[in-house]
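Colleague: One predicted model, sequence on top.
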Amino acid sequence: MTFHQGQALPIGAPNHVQAKPAGTQWKPLIIVLLVGMGIWFAPRPEGVTADAWHLLAIFVATIAGIILKPLPMGGVALTALGVTAATQTLPVDTVFAGFANAQIWLIVIACFIARGFIKTGLAGRISYLFLNLFGKSSFGLAYGFIASDLVMAPVIPSSTARAGGVLMPIIRSLSDTLGSHPDDGTAKRIGSFIALATYQATVVTSTMFVTAMAPNPIIVRLAQDGGVEISWLLWAKAALVPGLLCLAVIPWITRLLCPPTLRDTSEAASHAKEKLAQMGKMSQPEWMMAICFVALLVMWIGGHAIGLNATVAAVLGVAFLMLTNVLSWKDIIGEEIAWDTLVWFAVLVMMAGNLNALGFIGWLSDQVVLQVNGWHWLGAMAILGLLYFYSHYLFASITAHVTSMFASFMMVCVALGGPPLLVALTFAYLSGLMGGLTHYSSGQAPVIFSYRYVDLKLWWLVGFVLSVVYLLIWGTVGALWWSWLGIW
C-alpha cells in the first residue's frame, strides 16, 4: 500500500483495518485480582502507611492487568482509577489529577499534530525524501531517524515533542509506503523495527545533553546542591563516546530481537524518487502544515527562554491547524488512540506519583541506603545504581524518580568515598537511560507505543535487553572515557 497525497488516515490503524471488540478475559482477570489482593492483605512493613501499601497493591495489579490484558489497556486503567477512589486509598481530586498533567497532554496533542502531517500529505512527501536519502536498507532508514533525533536533541528540550511532533508522523507514513501497518499483521515488515530503534535512540539522545530532556536541568541543580558543578559542555563531553556507541548498536540489537521481514529497500528508494517527481509542488494544506511545523520547532527550541511551555506551544500549533482548516474538530475528537493514551497514561502517572507522595518510595530508598552503609563506595554505587535504574518500573515519570531518589543515592555514595563528579554523572546518565524500559517510563514512550507497531511483550523485551547493553557500555567504555577526561 502506498501513501496518496491528501488521504486522511487515522493515527494508529489504517482505514481498511477494523479492530475487533475485545471482551473480558476471565482467567487473566482472576490472576490480576489475586495479585492485587495478595499485596493488599499481606503484612505491611513497618514505616509504610496503609494507604501507600494499598496503592502499591493497586499499581502492581494494574501493571499485571496491562501485561495479561483481561481488558483493553484503557479499561484496565479506568478500573484501577475507580478502585483507587472507591477504596478511599486516595482522595477523589487526587485520583483525577493525572488528567491535568501538561506532559500527558503534550503526548495527546502530538497525535493531533501527526494527523495534520498525514492528512495533508506532507508526511508522505517527507517519507519519500527519507526513502530517497536513506532507503537502500532497513539499517539506513533506522540510522537516518537516529541522526535526525541526535541533531534535534540539544535544542529541543522535550523528547515527547521530538518523538511525537517530528519523528513518528514520518515513521508512520514511511511504514505505510512500505506496506507495513499496525493491527493487520504487517507491522513487523518494517514499522516495528523502525519505531523501536527510533524510540531507544530518543532515550539515548535525551541522556546525552542537559537540554534534551526536562529532568536533566533538575539533575544539574540537585548535583549543585550536593556541591557538584556540571556544565552543559561537561555533561555532553562525558556522554559523547558511550552515547554514540549506544546509538550505533541500537539498530543491530533491535533487529536481532525484532527482525524486519523487509530487508532490502533499494527498490523503494528508486520508487520514492519517482513519487517525489509525480507529487510536484506542495499544496496549500502542506504549506500550512510546514509553516506550523517550523513555528513549533522555533517555539520548542526557544520557548523556555521566554517562559513558553512545550505543551502550550503544541496547543497553539493545533489551534493554527484548525484555523487554517488543515484539521477539523471532527479530526481531533476522532483520534481515539490519543484519547485512549490519555486515559491509561494519566492513571499510571497518578498512581506512580502518589506512591512517592505517600512515602513508599522514600521508605524503599531508606531501606536500600541502610543496607549499603559501611560498604566500599564502588560496590555501593554499583548496587545503588542498579536499584535506582530498575526501580523505574515503579515510575511513570523520570522527573518524579529523579526528585525522589537522585540526591539521597548520590550523597550516600559520596559519603562512602566516591568521587563526587563521577557519582553525580553516573546517576545523571542512569536517569535518562532508564527511560527505555517500558511503554510508560518516559514521555516519548506512550507516544510511539500508541501507534501500535509494537506489542507490549516485545516492547518490554527490547527495553530490558537494551538496558543491559546500555549499562555495560556506560560501565566499561564510559568509565574508561571518563578516566581519560580526568573525571575520576
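Modeller: Nice, thanks for sending it over. Nothing here was measured: the structure is a model prediction, and the numbers come from that model.
Colleague: State the distance from R115 to Y128.
Modeller: Distance, R115 to Y128, by CB to CB, to the nearest Å: 19 Å. Backbone N, C-alpha and C define where each C-beta goes, glycine included.
Colleague: Please read the previous query as pertaining to I171.
Modeller: Distance, I171 to Y128, using CB to CB: 13 Å.
Colleague: what are the ranges of the strands in the stretch 151-300 of the chain?
Modeller: With DSSP state E, counting those that start in this stretch as the definition, the stretch 151-300 of the chain shows no strands.
Colleague: ok, which stretches of it are helices?
Modeller: Using DSSP state H, counting those that start in this stretch, the helices assigned to the stretch 151-300 of the chain run over residues 159-160, 168-177, 191-208, 215-225, 232-257, 266-279, 284-302.
Colleague: Identify whichever of these lies nearest to L480.
Modeller: Set against L480 and scored by CB to CB, these come closest in helix 232-257, at 8.6 Å.
Colleague: Let me know the outermost residue of this structure.
Modeller: Relative to the mean C-alpha coordinate of the chain, counting by CA atoms, centre = their mean, the farthest residue is G374 (36.7 Å).
Colleague: can I assume it sits in a helix?
Modeller: No: checked against DSSP: H, G, I helix; E, B strand; the rest coil, G374 lies outside a helix; its state is coil.
Colleague: So in the protein, where's the weakest helix or strand by average pLDDT?
Modeller: The weakest-scoring helix or strand in the chain, judged by mean pLDDT, DSSP states H and E, is helix 266-279 (a mean of 77).
Colleague: in that one, what's buried?
Modeller: For helix 266-279, the neighbour count (16 or more other CB atoms under 10 Å) marks A268, A269, H271, A272, K275, M279 as buried.
Colleague: Equivalent analysis for stretch 98-105, please.
Modeller: For stretch 98-105, a neighbour-count test (16+ other CB under 10 Å) marks G98, F99, N101, Q103, I104, W105 as buried.
Colleague: For it, give the mean pLDDT please.
Modeller: The pLDDT scores in stretch 98-105 average 89.
Colleague: Same question for stretch 40-49.
Modeller: For stretch 40-49, mean pLDDT is 94.
Colleague: For it, measure first residue to last.
Modeller: The first and last residues of stretch 40-49 sit 12 Å apart, counting by CA to CA, to the nearest Å.
Colleague: backbone phi and psi for T89, please?
Modeller: phi -60, psi -40 (degrees, to the nearest 10).
Colleague: which stretch among the helices of the stretch 151-300 of the chain comes nearest H401?
Modeller: Among the helices of the stretch 151-300 of the chain, helix 215-225 comes nearest to H401, with 8.1 Å by CB to CB.
Colleague: That closest one - contacts with which helices or strands?
Modeller: Under the contact criterion of 3 or more CB pairs under 8 Å, 6 or more residues apart in numbering; DSSP states H and E, helix 215-225 touches helix 398-401, helix 407-415, helix 420-433.
Colleague: Deepest-packed of these, please.
Modeller: Neighbour counts (mean count of other CB atoms under 10 Å) averaged over each of the helices and strands packed on helix 215-225 peak at helix 420-433, with a mean of 24.
Colleague: quick one, it and helix 215-225 angle?
Modeller: Here the directions of helix 420-433 and helix 215-225 differ by 160 degrees (axes from the mean of the first three to the mean of the last three CA atoms, to 10 degrees).
Colleague: pLDDT (mean, whole number) over the helix or strand that helix 420-433 is followed by?
Modeller: Sequence-wise, the next helix or strand downstream of helix 420-433 (DSSP states H and E) is helix 444-449. Across helix 444-449, pLDDT averages out at 92.
Colleague: Same check on stretch 394-408?
Modeller: If you average the pLDDT over stretch 394-408, you get 89.
Colleague: Could you work out the end-to-end span of it for me?
Modeller: Start to finish, the residues bounding stretch 394-408 are 18 Å apart (CA to CA).
Colleague: Just the residues contacting it, thanks.
Modeller: The contact list for stretch 394-408 (CB atoms under 8 Å, 6 or more residues apart in numbering) reads 59, 103, 213-215, 218-219, 222, 225-226, 345, 348-349, 351-353, 355-356, 361-362, 365, 369, 388, 391-392, 427-428, 431-432, 434-435, 440-443.
Colleague: and K237, how many neighbours does it have?
Modeller: Using other CB atoms under 10 Å, K237 has 14 neighbouring residues.
Colleague: measure the nearest residue to it once chain neighbours are set aside to I230 for me?
Modeller: Setting aside the residues directly before and after it, K237 is nearest to L485 in space (CB to CB, 6 or more residues apart in numbering), at 6.8 Å. Distance, L485 to I230, by CB to CB: 13 Å.
Colleague: what about the two, which has more around it?
Modeller: With neighbours defined as other CB under 10 Å, L485 and I230 compare such that I230 has more, 19 against 14.
Colleague: What confidence value was assigned to that one?
Modeller: 92.
Colleague: my guess is it meets Y429, correct?
Modeller: No: using CB atoms under 8 Å, I230 makes no contact with Y429, being 11.0 Å away.
Colleague: Buried residues of stretch 457-472, list them for me.
Modeller: Residues L458, W459, W460, V462, G463, L466, S467, V469, Y470, L471 are the ones in stretch 457-472 that count as buried (16+ other CB under 10 Å).
Colleague: Quick check: of the residues you listed, which lies closest to I67?
Modeller: Nearest to I67, judged by CB to CB, of the buried residues of stretch 457-472 is W460 at 8.0 Å.
Colleague: Please identify which helix or strand holds the closest one.
Modeller: Following DSSP H and E, one finds W460 within helix 456-485.
Colleague: likewise I146?
Modeller: Assessed by DSSP H and E, I146 sits inside helix 138-152.
Colleague: on that earlier part again, now the buried residues of helix 266-279 as JSON lines including distance to L71?
Modeller: Shown next, in JSON lines, are the buried residues of helix 266-279 (distance: CB to CB, whole Å):
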{"residue": "A268", "distance to L71": "39"}
{"residue": "A269", "distance to L71": "43"}
{"residue": "H271", "distance to L71": "42"}
{"residue": "A272", "distance to L71": "41"}
{"residue": "K275", "distance to L71": "42"}
{"residue": "M279", "distance to L71": "43"}
